[in-house]
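> can't give you the sequence, but here's the structure:
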C-alpha cells in the first residue's frame, strides 16, 4: 500500500500530470515542506501529522479513476481529444414518434429522475464476488467424486447403483384396467349389506386411499391409579358420628401424630450435641504439647529387640530354596488330597440315591414357597397401585386429617365449623392419583443483601 502511494506521488510530480480540480495545481497535492516534530510520543502522531495533502491527492486520483477509468496522464491523446469536422452534410434522420392503434401519438418512455440518480456512474468495474464462485462442501464432494472414480476403475459398483440395477423393470405395455362408470347399467350388482368383503387391492380400492388407524399404546387405556377421584371420609368424620366410629377415627389420627413425632425425635437425636465430648482445658493442653515431650514408652520402643531379629532370620531361612525331595513330597500330598476329595464326592453321590424321598419333599417345599412368594409379590404390586408414585424430585406428603375432638362435635349442621379447603383437597387428590407431580412453592430469595445507611437529616433528629 505504501509503495502504491509512493508511485502515485511520483506521478504527480511529473510535468504531464493533469488534475480535474481547477482550483488546485498538481504541485499542491504533494507537500513540499515537512514539519520537524518529535514522533517518539504517541500524542504527537495525530497532533502534528498533516495528511490533508495526501487525502486531497488520493481523492483526485479516485475521482479520475471513477470518471475516466484511470489517470489522465496515462490516457492516450485519441481517447482525450477528437477532430471537429463541422456540420455534417446530411441531417440526421428524425426519430419517429410512436403511434398507437388509433393513430394518436404516444409519449416516449423516459426514465424517471430517481432511476437516473441510482444508476451506477463509475467506469471502474465492480470487484469480483468471490463468494459467488464458492461451493459449499466442495472439498468433501471432490473427495467423494475421486473415490467413486477410483472404485469405478476397479469395477466396484456403489450400493445405490446396485439397488437401481436390481429393481424389477416396469412393463409399460400393460395398461391399467379402466374403472367402470357408476351409471353403467351392465355393471355387476354389489350388495353392501352382504358378508362378502371387497378386495382392498382392487382397482376401486387402492392401497393409498385406505387409511390405517394408528395403534395406540396400551398405557393410554390404563388409569395411573386405582384410587377414586373423590374419596369418601370415614363414618367418624360426620357432623353427628357414632361413638365407636368417631373413636376409631381419633385413634387413626393419633397414630399418624405419634409416627410424625417419632420421626422428629429421631432427627433431633441425630443432630444433638453430646456435651460429654466437648473439649476441656486439659484435653486442649494435651493436644498442644503432644509430640513435644518424649515418653518412656517411646524410648523403649526405640531400643531394638533381640526377639524381633530372631523372627526375621527365621523368616529368611524359610524363604530359602526348597530341595528336590521337598518338592516331590509336596506334589505327592497334593495328588493324595485330590484323590481324597474325588472319593468323597463319589460317596456323596451314592448316598443321594437313598435320599430321593427327602429331596422330593424339599423340591415340593421350594415350589410351594415360590408360589407363595408370587402371590405376595402380586399382592404387593396391587397394593402399590393405590399408592402415589415418585414422579418428580419431591415425595408426596399427605395432608392432615380433618378430625374434630369429642368436645368440638356440633351435633347439627348449623353449628358445624368448616375445616380444610376444597381447593387444597382437589390438588392433593390429583397428586395422590399420579396425575401431577408434587411441588412446593418457590420462596423469594434476595440475591444481594440490603445495606442500611443513616442520612445526615436522620442523625440530626436522633
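Now that the structure is in, tell me what you want to look at. On a predicted model such as this, the values are computed, not experimentally measured, just so you know.

> how near is residue 333 to residue 87?
Computed as C-beta to C-beta, to the nearest Å, the residue 333 to residue 87 distance reads 141 Å. Just so you know, the C-beta spots here come from the backbone N, C-alpha and C atoms, and that holds for glycine as well.

> looking at those two, which is more packed in?
residue 333 (10 against 5; other C-beta atoms under 10 Å).

> the more buried one is in what secondary structure piece?
Using DSSP states H and E, residue 333 sits in helix 324-353.

> buried residues in the following helix or strand past that helix, which are they?
Once the chain leaves helix 324-353, the next helix or strand it forms, by DSSP H and E, is helix 356-385. By neighbour count on 16 or more other C-beta atoms under 10 Å, the buried set for helix 356-385 is empty.

> and the next element down the chain from helix 356-385?
By DSSP H and E, the next helix or strand past helix 356-385 is helix 422-432.

> mean confidence (pLDDT) on that following helix, please.
For helix 422-432, the mean per-residue pLDDT is 93.

> from the chain's centroid, how far away is that helix?
The chain centre lies 34 Å from the centre of helix 422-432; the measure is C-alpha atoms, centre = their mean, to the nearest Å.

> which other residues reach that helix?
225, 227, 229-231, 388, 396, 398-399, 436-438 (C-beta atoms under 8 Å, 6 or more residues apart in numbering).

> go again with 7 Å.
227, 229, 388, 396, 399, 436, 438 (C-beta atoms under 7 Å, 6 or more residues apart in numbering).

> returning to what we had before: got the angle for the helix holding residue 333 vs helix 356-385?
80 degrees (axes from the mean of the first three to the mean of the last three C-alpha atoms, to 10 degrees).

> quick one: average pLDDT of helix 324-353?
Helix 324-353 comes out at a mean pLDDT of 92.

> which strands and helices sit next to it?
Judged by 3 or more C-beta pairs under 7 Å, 6 or more residues apart in numbering; DSSP states H and E, helix 324-353 has no packing partners among the helices and strands.

> pLDDT weak spots in the stretch 151-300 of the chain?
Scanning the stretch 151-300 of the chain with the threshold set as pLDDT under 70 gives 172, 174-182, 188-192, 194-211, 293-300.

> can you tell me which helix or strand the residue of the chain positioned farthest from its centre belongs to?
Centroid-distance maximum for the chain: residue 89 at 84.9 Å, with C-alpha atoms, centre = their mean. Of the helices and strands defined by DSSP H and E, none includes residue 89.

> that one and residue 82, how far apart?
In terms of C-beta to C-beta, residue 89 sits 19 Å off from residue 82.

> quick one on the thing from earlier: report the two of the contacts of helix 422-432 separated the most.
229 and 438 (18.0 Å; C-beta to C-beta).

> more neighbours: which of those two?
residue 438 (18 against 10).

> Three-state assignment for that one, please.
What DSSP: H, G, I helix; E, B strand; the rest coil gives for residue 438 is coil.

> got it, and the one 4 residues further on?
The three-state label for residue 442, taken from three-state DSSP, comes out as coil.

> and it, how many neighbours?
Using other C-beta under 10 Å: residue 442 sits among 6 other residues.
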